[in-house]
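Engineer: Model the following, please.
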Amino acid sequence: MEIWLPAAFLVIAVVGPAGYAGVRGWTLWQTFRRSSNRAGDSVAELMDKAAAVEERAVGLTDNAERLAAAAARLQESLAELSVLRAAFKEAREPLDALRGAVPTK
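Structural biologist: Reported below is the predicted structural model:
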């Protein structure tokens, strides 16, 4: 009977901390797995948002190209307007001179 009490104490002293360490290890593993899953979900969401931003950037590039083409057409139209204004002014000069010769009321 004298040996059972120290043996019981030895078993409790060894199994107790091992059980505690096992439970803490299991909790740590669950926490790690949950964090890993959340991180994976966050990375997937971030990748989706990055793809959406990339699509918008491509759209903006297309819009920039269209804007540059429109600006070039505008410059051509402004040059054409300048020529037309000069021609109109040139054609109107004789009429203005004639109007200056006519007396006003």
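Engineer: Tell me where the chain has helices.
Structural biologist: With helices called from DSSP state H, the chain shows them at 4-101.
Engineer: Run through this structure and note the low-pLDDT ranges.
Structural biologist: 1, 105 (pLDDT under 70).
Engineer: same thing but 80
Structural biologist: Within the chain, the stretches with pLDDT under 80 are 1, 62, 96-105.
Engineer: Centroid-nearest residue for it?
Structural biologist: V53 (3.5 Å; C-alpha atoms, centre = their mean).
Engineer: Look up how far V43 lies from it.
Structural biologist: 15 Å (C-beta to C-beta, to the nearest Å). C-beta here means a position set from N, CA and C on the backbone, and glycine is covered the same way.
Engineer: now do T104
Structural biologist: From T104 across to V43, the span is 84 Å (C-beta to C-beta).
Engineer: Who has more neighbours out of these two?
Structural biologist: Each of T104 and V43 has its neighbours counted (other C-beta atoms under 10 Å); V43 has more, 10 against 5.
Engineer: State the distance from the more buried one to R34.
Structural biologist: 15 Å.
Engineer: Kindly report the same for E55.
Structural biologist: Taking C-beta to C-beta as the measure, E55 falls 32 Å from R34.
Engineer: And for Y20?
Structural biologist: According to C-beta to C-beta, Y20 stands 21 Å off from R34.
Engineer: for A87, same thing?
Structural biologist: In this view, A87 and R34 are 79 Å apart by C-beta to C-beta.
Engineer: Same question for A91.
Structural biologist: Taking C-beta to C-beta, one finds A91 at 84 Å from R34.
Engineer: next one: E80
Structural biologist: Taken as C-beta to C-beta, the span from E80 to R34 is 69 Å.
Engineer: and if you look at E90?
Structural biologist: Computed as C-beta to C-beta, the E90 to R34 distance reads 83 Å.
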